[in-house]
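A.B. asks: predicted model and sequence follow; I will ask about them next.
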Amino acid sequence: MTSALLILIFVAVLILLLVGHPLAFTLGAMAIFFGAIFWGQQGDVYYMFAQSVARLMNQFVYVCAPLFVFMACLLERSGVAENLFGSLYIAMGGLRGGLAVAVILICTMLAASTGIIGASITIMGMLGLPAMLKSGYDAKLASGTIMAGGCLGTIIPPSIILIIYGAEAQLSIAKLYMGGVFSGLLLSGLYIAYILVRCYLDPKLGPAMPQEERRAIRTGKKVRMVLFSIVPPIALIVAVLGSLFAGMATPTEAAAVGAIGAAAIAALYRRLTWTVIKESCYSTIQVTAMVFWIILGASMFTSVFLGLGGGGAVKEIMLGLGLSRYVILGIMLLTLLVLGCFIDCYGILLMCIPIFGPIVQELGFDPIWFALLFTIMIQSSYLSPPFAYAIFFLKAVTPPEVKTTDLWQAVLPWIGLQVAALILCIIFPGIITWLPEQMWGK
């Protein structure tokens, strides 16, 4: 493939995305168009399309995706987020920036029990944002906290992104999940530290709750509220990730455990009704169908791209630069950040794994380590304007006084924190690799 053709294909895709065409159908259509033109025999590209469908349907590991989505949908309707916010609002309200810290803690637990970014941002936008604005919080700090915290589900297990990465790159999903634990907690810790430091330096950004409001609730009641809201989701997280870490369950089996556990939590909170089950099933079908259409379109696109020699061309260009392998790593990660401004995270994932995978192997990097670096950068795509999905999710539930331009400015410090976490994971690779290396039955 010539460099001109390589550029032409990506420019065509970007133009179609910018004018508003859906990602899945854009990638699929461009695959058929360029494949039919440059392969000469149109039947070949249609046969490849059928092969892509068959390969996707035969990927048993994808069975865990709808199970984890169903678990997330049940938890979304079970009242977990409401209970968590109600208790942490009281427990941490006396701290400068305490409500924002509570939002990050809740988002971390939601990420570890649902993994659905849109749901976390929307729920916290409805619960956390009005409470913070009412308490006098800076609107940019409050909205940025919700958007960044809501995106933690990209990297913290049970992340759907990591399932897709493992399936496409032929890596152990259990090891990817274990690698995502400490890297996700690192991000969460950096967010909390940032909030506390900013609010310490400028108390007006996140004032503490008035003492009279805190004293209105007795200590014993606070403890009961926190235990009742925190113990069930933590037990679910331990059941899912603990079974994977101990080698007792495959990702699909762990997903089934999670779905049953989510139903038990919904029953505990007296939310397990027929309506909740039915709505959760419908939502699961919608989300799963959307994800799998994107996987199919992107798989077809990458198959044609690689078939035309695009992967070899990119590899030759990268390795032919004569640069340090860490400089090449930086170029790949920067490419992901730029693509995140224009393309959906699933599209980036499926387009870039087959292209970057051989380069990573040639450079001698640990594939699990690179996969988590890749995922951290994928997370940035949710915050990177102009196509920042986190902004769109939050804007749908914000009060009128919070403008879209405010949300664009609000995400910038958090993208910087994600880059800082990325650098720390590069300097200290054990943040990612230590836990997978301790797994039983590895």
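C.D. replies: Okay, I see it.

A.B. asks: any stretches of the chain with poor pLDDT?
C.D. replies: Scanning the chain for pLDDT under 70 picks out the ranges 1-3, 39-43, 114-115, 211-219, 221-222, 311, 440-442.

A.B. asks: longest helix anywhere in it?
C.D. replies: Scanning the chain for the longest helix, with DSSP state H as the assignment, gives helix 274-307.

A.B. asks: ok now that one, how far from the chain's centre?
C.D. replies: 15 Å (CA atoms, centre = their mean, to the nearest Å).

A.B. asks: how close does the residue nearest the centre of the chain get to Phe365?
C.D. replies: For the chain, Thr154 is the residue whose C-alpha lies nearest the centre (CA atoms, centre = their mean; 1.5 Å). Applying CB to CB, to the nearest Å, the value for Thr154 to Phe365 is 21 Å. Every C-beta, even on glycine, is put in place using the N, C-alpha and C of the backbone.

A.B. asks: just Glu437 next, same as before
C.D. replies: Counting by CB to CB, the gap from Glu437 to Phe365 is 16 Å.

A.B. asks: neighbour-wise, which of these two wins?
C.D. replies: Phe365 (18 against 12; other CB atoms under 10 Å).

A.B. asks: the more buried one contacts Leu329, doesn't it?
C.D. replies: Yes. In this structure Phe365 lies within contact range of Leu329 using CB atoms under 8 Å: 7.0 Å.

A.B. asks: for Val397, helix, strand, or coil?
C.D. replies: Secondary structure assignment for Val397 (DSSP: H, G, I helix; E, B strand; the rest coil): coil.

A.B. asks: name the helix or strand for the closest residue to it other than its chain neighbours, please.
C.D. replies: Spatially, and ignoring its direct neighbours in sequence, Val397 is nearest to Gly125 (4.1 Å; CB to CB, 6 or more residues apart in numbering). Under the criterion of DSSP states H and E, Gly125 resides in helix 117-134.

A.B. asks: swap in Ala111?
C.D. replies: Using DSSP H and E, the element containing Ala111 is helix 98-113.

A.B. asks: secondary structure class for Pro207?
C.D. replies: Following three-state DSSP, the label given to Pro207 is coil.

A.B. asks: ramachandran angles for the closest residue in space to it that isn't next to it in sequence?
C.D. replies: Leaving aside its sequence neighbours, Pro207 sits nearest to Gly136 (CB to CB, 6+ apart; 4.9 Å). Dihedral angles of Gly136 (phi, psi; degrees, to the nearest 10) stand at phi 90, psi 20.

A.B. asks: helix, strand, or coil at Tyr47?
C.D. replies: From three-state DSSP, the assignment for Tyr47 is helix.

A.B. asks: where's it relative to Ser303, distance?
C.D. replies: Distance of Tyr47 to Ser303, computed by CB to CB: 11 Å.

A.B. asks: what about these two, which has more around it?
C.D. replies: Each of Tyr47 and Ser303 has its neighbours counted (other CB under 10 Å); Ser303 has more, 19 against 11.

A.B. asks: surely the more buried one touches Gly28?
C.D. replies: No. With contact defined as CB under 8 Å, Ser303 does not count as touching Gly28 (10.7 Å).
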